[in-house]
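In: below is the structure, and that's it, no one-letter string:
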């Protein structure tokens, strides 16, 4: 019963967070300020892998590939060695800033983009200019592969689903998350 209430609350919040009126209410600078502020408030972050989107997704053909430590290590090394353009990868950590401050980043070029910010501003649906102004880096192109990580592989799935709704098809979830990454 508690889980059902939690899922209903999260679903209502997602509907509010992704409405166009909500997106228009925030300027890219306000998004950037919010994104990189340290926060311990994770009350709106999903705590289960419950499916948040129904079949009405605008991109039903998108599949999320789930990978383990060895494949993630290979991808991160490729991303660090060859860079974003040559590797075709964008590695995104959706943990909150305070979590990353505690453990460190997965790699020097891993992008920090907390899930609550992705959800609140529906970031992957923004146009390129607003995305870059808000977040401080170039919006991933549909040809790039987005590799998501979080603490345990749950929030990263939800971030990948938001990217799928915005039309991205090449989506990877690191199932082990930072918990596994930093134990190795």
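Out: On my side now, so go ahead. This structure is a prediction, so every number in the text was calculated from the model and none was measured.
In: my guess is residue 96 meets residue 118, correct?
Out: No - between residue 96 and residue 118 there is no contact under C-beta atoms under 8 Å: 11.7 Å. (Each C-beta comes from the backbone N, C-alpha and C, glycine too.)
In: run through the chain and note the low-pLDDT ranges.
Out: Residue ranges of the chain with pLDDT under 70: 1-61.
In: what does stretch 108-115 contact?
Out: 35-36, 39, 45, 76, 79-80, 83-84, 90-97, 100, 105, 123, 135, 137, 149-150, 155-156, 158-159 (C-beta atoms under 8 Å, 6 or more residues apart in numbering).
In: can you select the buried ones among these for me in PyMOL?
Out: To isolate the buried subset of the contacts of stretch 108-115 in PyMOL, counting by 16 or more other C-beta atoms under 10 Å, use the following:
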select buried, resi 35+45+76+79+80+84+90+91+92+93+94+95+96+97+100+105+123+135+149+150+155+156+158+159
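In: number of residues surrounding residue 86?
Out: Residue 86 has 10 neighbours, counted by other C-beta atoms under 10 Å.
In: need the three-state assignment for it.
Out: Here residue 86 is helix, with the state taken from DSSP: H, G, I helix; E, B strand; the rest coil.
In: ok, and the closest non-adjacent residue to residue 81?
Out: Once flanking residues are discounted, residue 81 sits nearest to residue 87: 7.8 Å by C-beta to C-beta, 6 or more residues apart in numbering.
In: got a list of what the one you found touches?
Out: 78, 79, 81.
In: what count of nearby residues applies to the last one?
Out: Taking other C-beta under 10 Å as the neighbour definition, residue 81 ends up with a count of 9.
In: what about it, helix or strand, and which?
Out: Element membership for residue 81, per DSSP states H and E: helix 69-87.
In: OK, contacts around residue 106?
Out: 76, 91, 93, 149, 178, 181.
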